[in-house]
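Student: Provided below are the primary sequence and the corresponding predicted coordinates.
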Number of protein chains: 2
Amino acid sequence: MKAWEKNIRKVVPYVPGEQPGNKNVVKLNTNENPYPPAPGVQKVLQEFDASRLRLYPDPSGTLLVEELARFYHLDKEQIFVGVGSDDVLAMAFMTFFNSDQPILFPNITYSFYPVWCNLFSIPYETPALDPNFCIVREDYYRENGGIVIANPNAPTSIYEEVSVIEDILRHNSSSIIIVDEAYIDFAGTSCLELINRYENLLVVQTFSKSRSMAGMRIGFAMGNPVLIQALNEVKYSFNSYTMDTVSLLTGAAAVRDEEYFRSIVQKVILTREQAKEQLKELGFSFPVSGANFIFATHERIPAKRIYEALRENDIYVRYFNMPRIDNYLRISIGTDEEMDRLFTFLRKWLNHPNA
Amino acid sequence: MKAWEKNIRKVVPYVPGEQPGNKNVVKLNTNENPYPPAPGVQKVLQEFDASRLRLYPDPSGTLLVEELARFYHLDKEQIFVGVGSDDVLAMAFMTFFNSDQPILFPNITYSFYPVWCNLFSIPYETPALDPNFCIVREDYYRENGGIVIANPNAPTSIYEEVSVIEDILRHNSSSIIIVDEAYIDFAGTSCLELINRYENLLVVQTFSKSRSMAGMRIGFAMGNPVLIQALNEVKYSFNSYTMDTVSLLTGAAAVRDEEYFRSIVQKVILTREQAKEQLKELGFSFPVSGANFIFATHERIPAKRIYEALRENDIYVRYFNMPRIDNYLRISIGTDEEMDRLFTFLRKWLNHPNA
């Protein structure tokens, strides 16, 4: 090792799902929305005057913050925006988890959490989910430096009722609790209704799933103004202008079209419910999904083999080679046509996996 | 203070220049380019199919990286891209400055450097510039955890010859040296020519100044592949997808149009040279500028008073209320028309500042 290499930070990066270049692929591996963003997004892009780009964007992202405030009936001081929910979560870990006590999150959850802990030297412990992949709430009744709960959880797809989260909040008034609701719009009630009663609660959401804008990188956090101000101060200490002008404008346009948003979420949910029937018929089982994906295991064939067979046939799903979940596939909900291609292949292949 | 507040990170954020909403303002306060981005940028936006946004962007930003590699005659393994050079620099501070030794940068330079040091708990020392605001190279002949040189420097506008930087590199083979070249295209030779000989050198540039794309948030770093890989690993530990699809495509379009790039840089330089004459006639003096701004002090009137008078008349320049530079104004180079409005006002006002 050369002398100058000794000060380089050692990290074990998160590995995102593949983004295959091939257009003919059925891409059910990164929980993207199969439908385009709201029509207003296309309109903003078409009408955008590129000469505006010579100026810096609004560092506080007011336009987007105000649109979100209107949509969620909040004050704008309760909203923080960032470059996808990963950026928002990274900032939140950096801002809120400065304790010698370990932070807590389930042993099976979004695999970026331990990556952020390593990056920012945050101690952590991972209480085990129960055999049904549900949270054991009592595991969170103890001193900690913070708690992170993905709800619905990834990759299990399981939605815990707000009462479960509230119970954990009631037992934790001394640390900050982050509820990562990337998939909430496909599930049930958001914990947003709790932020006025629990000032140590931060709810994080994203435009990447229900709003079909993964490619635009927009995420946001909602919580009491003290939390939001702390996040903004860390943001202003990292990069004054994280959100570009085009993402602020297109994001605002997407939020404005509530009807379209509701309609594509409903379409995904409908396809998911039909997919469940098909998967059952094919010998798969899975927890009840509150997300835009299904976490499925097959009665006979190992998940890894199915994953590989699908991949060879240009159908991408996600496989995690990790303890307890290495016999599961995480299958994103695509269009009905994409799901048909998946099921047509599986119907044939599962009968003759060695052919 | 509530119990949950005790773990919140304490920071002193960077304060960006104002972004006044009023359209009629002459905005010479944040070193933006007065000309629009390359015409290809408008074309990309107009023709962009919004349905692409449902998918995540390419996490490695290959399209933009390849275009930059072609432009700068580098391998793509020598280039890292981020959300403006602030994002790139923040990542670089986090990646490369993990030492108990202080990092070094001049006492008058980009005021974000100490902010990142505070955010990431990096010890630092700030050797004083000489009375002409030039670097005292011998101050960097000592053990350190890294060195950061803005060249041209901000807010002084002074460009140091490559030989000065190379001298500092020759005396420092044990730490990583970052040269922040945000303004280099308005100056002279880049230190880029040194990266093949000094593997501990990272050169950082931006699309916000010479490429007129401050609103799109694009910056990049160039260096040997070990440095670039380390940066990418930290990036993948923070946010897999920092650059959105639109910024990747528009950024690549901007780089492709070399002729336009050269032409607007020349126009800004020409206006700067004319502005120097005008400022001299008005009783200002300033260091030789290698940037798209002039750092000027007046023979009679305190800078703060001029700043305030300009502001009241909708002409924004930047004023730093800091030791040694509190009698200077940083004036960005605008269009010829904008500069005329500035000089017309100053000609009148400087003769009767108390009127």
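Tutor: Arrived safely, thanks for sending. Residues are numbered from 1 along each chain as shown, chains lettered A, B, ... in the order given.
Student: can you tell me the closest non-neighbouring residue to the residue of the stretch 201-350 of chain A found nearest chain B?
Tutor: The minimum distance from the stretch 201-350 of chain A to chain B, using Cβ to the nearest Cβ, falls at residue A:236 (3.4 Å). No exception for glycine: its C-beta is placed from N, CA and C like everyone else's. Once flanking residues are discounted, residue A:236 sits nearest to residue B:13: 3.4 Å by Cβ to Cβ, 6 or more residues apart in numbering or on different chains.
Student: how about residue A:82?
Tutor: residue A:88 (3.9 Å).
Student: am I right that the one you found is in a helix?
Tutor: Yes - according to DSSP: H, G, I helix; E, B strand; the rest coil, residue A:88 belongs to a helix.
Student: just checking, it touches residue A:220?
Tutor: Yes - at 6.4 Å, residue A:88 and residue A:220 qualify as touching, with contact defined as Cβ atoms under 8 Å.
Student: overlap of the contact sets of these two?
Tutor: A:80-82, A:204 (Cβ atoms under 8 Å, 6 or more residues apart in numbering or on different chains).
Student: indicate whether stretch A:128-146 makes contact with chain B.
Tutor: Yes - counting by Cβ under 8 Å from any Cβ of the partner chain, chain B has neighbours in stretch A:128-146: A:145-146.
Student: tell me what the helix or strand hosting residue A:280 is packed against?
Tutor: Element membership of residue A:280, judged by DSSP states H and E, is helix A:258-281. Counting contacts by 3 or more Cβ pairs under 8 Å, 6 or more residues apart in numbering or on different chains; DSSP states H and E, helix A:258-281 is packed against strand A:293-298, helix A:336-351.
Student: ranking these by burial, who's on top?
Tutor: strand A:293-298 (a mean of 23; mean count of other Cβ atoms under 10 Å in any protein chain shown).
Student: leaving out chain neighbours, which residue sits closest to residue A:267?
Tutor: Distances taken as Cβ to Cβ, 6+ apart put residue A:35 closest to residue A:267, at 6.6 Å, once the chain neighbours are dropped.
Student: residue A:66 contacts residue A:77, correct?
Tutor: No - with contact defined as Cβ under 8 Å, residue A:66 does not reach residue A:77; the gap is 11.2 Å.
Student: return the residues of the stretch 101-250 of chain A in contact with chain B.
Tutor: Close to chain B, as judged by Cβ under 8 Å from any Cβ, the stretch 101-250 of chain A has residues A:115-116, A:118-119, A:145-146, A:173-176, A:199-200, A:208, A:212-217, A:226, A:230, A:232-247, A:250.
Student: can you flag the buried ones in the residues you listed?
Tutor: By neighbour count, with 16 or more other Cβ atoms under 10 Å in any protein chain shown, those hold A:115-116, A:118-119, A:145-146, A:174-176, A:199-200, A:208, A:212-217, A:230, A:232-247, A:250 as buried.
Student: returning to that earlier point: ok, the residue nearest to residue A:236 - contacts?
Tutor: Here residue B:13 is in contact with A:232-237, B:115 (criterion: Cβ under 8 Å, 6+ apart).
Student: for residue A:214, same thing?
Tutor: Going by Cβ under 8 Å, 6+ apart, residue A:214 touches A:30, A:32-33, A:84, A:207-208, B:53-57, B:241.
Student: which of the residues you listed fall within helices?
Tutor: Mapping those onto helices (DSSP state H) picks out residue A:84.
Student: where's residue A:20 relative to chain B, distance?
Tutor: Going from residue A:20 to chain B by Cβ to the nearest Cβ, to the nearest Å gives 10 Å.
Student: in a strand, that residue, correct?
Tutor: No - counting by three-state DSSP, residue A:20 falls outside a strand, being coil.
Student: and residue A:205, how many neighbours?
Tutor: Using other Cβ atoms under 10 Å in any protein chain shown, residue A:205 has 26 neighbouring residues.
Student: who's it bridged to?
Tutor: Beta bridges link residue A:205 to residue A:220, judged by DSSP bridges.
Student: regarding stretch A:15-29, how distant is the last residue from the first?
Tutor: 13 Å (Cα to Cα, to the nearest Å).
Student: can you pull the contacts of residue A:274?
Tutor: Residue A:274 is in contact with A:336, A:339, counting by Cβ under 8 Å, 6+ apart.
Student: what do you get for residue A:330?
Tutor: Neighbouring residues of residue A:330 by Cβ under 8 Å, 6+ apart: A:29, A:31, A:154-155, A:157, A:293-295, A:317-320.
Student: quick check: phi and psi on it?
Tutor: Backbone torsions of residue A:330, given as degrees, to the nearest 10, read phi -100, psi 110.
Student: if we can go back for a sec, the helix holding residue A:280: what's the following helix or strand?
Tutor: strand A:284-285.
Student: list the strands paired with that following strand, with their directions.
Tutor: Using DSSP bridges, strand A:284-285 pairs in its sheet with strand A:293-298 (antiparallel).
Student: now do the partner strand and helix A:336-351, the angle between them.
Tutor: 10 degrees (axes from the mean of the first three to the mean of the last three Cα atoms, to 10 degrees).
Student: what are the buried residues along the next helix or strand after strand A:293-298?
Tutor: Toward the C-terminal end, the helix or strand that comes next after strand A:293-298 (DSSP H and E) is helix A:303-312. By 16+ other Cβ under 10 Å, the buried positions in helix A:303-312 come out as A:303, A:306-307, A:309-311.
Student: wait, is residue A:80 part of a strand?
Tutor: Yes - per three-state DSSP, residue A:80 lies within a strand segment.
Student: which strand residues bridge it?
Tutor: Taking DSSP bridges as the rule, residue A:80 bridges to residue A:221.
Student: OK, contacts around it?
Tutor: The contact partners of residue A:80, by Cβ under 8 Å, 6+ apart, come to A:88, A:91, A:220-223, A:228, A:231-232, A:235.
Student: would you list those in a markdown table and tack on distance to residue A:326 and pLDDT?
Tutor: What follows is the contacts of residue A:80, written out as a markdown table (distance: Cβ to Cβ, whole Å; pLDDT from 0 to 100):
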| residue | distance to residue A:326 | pLDDT |
| --- | --- | --- |
| A:88 | 30 | 98 |
| A:91 | 32 | 98 |
| A:220 | 33 | 98 |
| A:221 | 32 | 98 |
| A:222 | 35 | 98 |
| A:223 | 35 | 98 |
| A:228 | 39 | 98 |
| A:231 | 36 | 98 |
| A:232 | 40 | 97 |
| A:235 | 37 | 97 |
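Student: buried subset of the contacts of residue A:214?
Tutor: Neighbour-count burial (16+ other Cβ under 10 Å) applied to the contacts of residue A:214 gives A:30, A:32-33, A:84, A:207-208, B:53-57, B:241.
Student: include pLDDT and distance to residue A:283 when you put those into JSON lines, please.
Tutor: Compiled in JSON lines, these are given as follows (pLDDT from 0 to 100; distance: Cβ to Cβ, whole Å):
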{"residue": "A:30", "pLDDT": "94", "distance to residue A:283": "25"}
{"residue": "A:32", "pLDDT": "96", "distance to residue A:283": "27"}
{"residue": "A:33", "pLDDT": "98", "distance to residue A:283": "28"}
{"residue": "A:84", "pLDDT": "98", "distance to residue A:283": "36"}
{"residue": "A:207", "pLDDT": "98", "distance to residue A:283": "36"}
{"residue": "A:208", "pLDDT": "98", "distance to residue A:283": "31"}
{"residue": "B:53", "pLDDT": "98", "distance to residue A:283": "36"}
{"residue": "B:54", "pLDDT": "97", "distance to residue A:283": "31"}
{"residue": "B:55", "pLDDT": "96", "distance to residue A:283": "30"}
{"residue": "B:56", "pLDDT": "96", "distance to residue A:283": "31"}
{"residue": "B:57", "pLDDT": "96", "distance to residue A:283": "36"}
{"residue": "B:241", "pLDDT": "96", "distance to residue A:283": "35"}
